[in-house]
Every structure is written in structure tokens, then in C-alpha cells.
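In: next comes the sequence, and after it the predicted model I'd like to discuss.
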Amino acid sequence: MTLSKSGTFGGLKVDYRVVLPDGFDPSRAYPAVLVFGGGPQNMRIVESELTRWSGEAERRGYILISPAAPSDQLFFENSDRIFPEFLDAILRDYKVQGGRLHVAGPSSGGVSAFHVASLYPSYFWSVTAFPGYLDDTTEPMVDAVRQICIYMHVGSEDNDWMRAMKQQSDLFRGRGLSAELLVEEDQGHSLVLGSDEMKQLFDDLERASQGCAK
């Protein structure tokens, strides 16, 4: 079941989608993923990205939440002001396992996932970018994601992003963070994640919620 919702957070009106599992029981706690779209992060992108996630999420009983960027500002830019108010609203509206979400996205969505996780790490189990990286690698921001499981997917033919992400994953591991770089062979920037890749992605999320981070 997909819900179309809107609200004002941090002074910005935000439209967003929530995908609930079949047989959703509001009294029960579910694992949840905050999914950022790539590109302009508009509602068309949001709905397309949720299509990629919804099959495996339904099989495993996950809630998906995906906001569209308001005012043509991406979520690693000025639209980051909707947080943490938006996160608090989600946690009020739905019972989320452990009171923490996973966050993920492709390209600008991956950068947004890292950005929001670094600003508000206590809200997240894991960050997954396919591709994506932390836009601020100063010591406080790297330290902020120390307790979060990090999964970085990049296409083998996405040369510039692969160089940047390999350098960053080496930095993370060198500082003792739980970070994995997964190179998707024969793929470019727009990764195609089939059913096997999505199963692996959700396996990683479940591992993260069991405490893979240090």
C-alpha cells in the first residue's frame, strides 16, 4: 500500500510517499528505509525509485519512506533543513524497529543519504549509496558515521565516482569504520540492481540492524 503524504518540516512543504507492507499493523514495529531519489529528486524520481525497492521490501516486511525535494533544492543542499523534524514525524507515525532507520539512494540520493546520516547519525542503522559518498570528510563528519554500517556500490565503468568512492572507503576503513565497497561489474553510473542485487542489499540492511557497526 502506497500513501501520498505531505507536511511542513523546517519551514518547507514536503510531499512524500510511504510504502507499507500488506497487512500492515500499526501496533507492530517494522524495519524501515528512508529512500532518496537521484537526479533532481522530484516526485517522478521518487516513484520510480520506490518501484525498484518495493518488491523485496514487501517480501521482508519493510516500510519505505521517500520524500521529494522541495523548492528545487537537493537534500544535501538547502533542503536538509527538513531534518531532523521529518525523521521525528516518521518515528511518531510508525513504529520502527529499534527506533532507527536505514537510509539509501543513488547518485545525488546517495550523497544525500550520507549527508543526512552524518548530520543525524543516531537515527540510522546504515547508509547505502549506489553510487554516493560523504560530501564532507572533515574529521567531525567522518566521526559522526562511525557507528553506522556503510555500503557503497559503484559501477566498474563509472570511473570518476569509483575513484572517489574507493578513496573514501579506504579512508573510512583506515579510521576503523565499518565500510564496504562493492563494484558492480560492467555497469556505469546508473546502476541496474536486479533481484539478486536487491536481495543482497536487504541482507546487508538486516546485518546492519544486528550491529555490524563498531
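Out: Perfect, thanks for sending it.

In: pull the longest helix from the chain.
Out: helix 43-60 (DSSP state H).

In: got the contact list for it?
Out: Defining contact as Cβ atoms under 8 Å, 6 or more residues apart in numbering, one finds that helix 43-60 is touched by 2, 15-17, 19, 21-22, 31, 33, 35-39, 62-64, 66-68, 105-106, 109, 193, 195, 198-199, 201-202, 206. Where C-beta positions appear, they are placed from N, C-alpha and C, glycine not excepted.

In: please repeat the previous calculation with a cut-off of 7 Å.
Out: For helix 43-60, the external contacting residues (Cβ atoms under 7 Å, 6 or more residues apart in numbering) are 15, 17, 19, 21-22, 35, 37-39, 64, 66, 68, 193, 198-199, 202.

In: of the residues you listed, which belong to strands?
Out: Among the contacts of helix 43-60, the members falling in strands (DSSP state E) are 15, 17, 19, 35, 64, 66.

In: per-residue confidence for the residue lying closest to the third one once chain neighbours are set aside?
Out: With Cβ to Cβ, 6 or more residues apart in numbering as the criterion, Val19 has its nearest non-adjacent residue at 4.0 Å, and that residue is Leu64. Among the per-residue scores, Leu64 holds a pLDDT of 98.

In: same question, Ala213
Out: 44.

In: same question, Val33
Out: pLDDT recorded at Val33 is 98.
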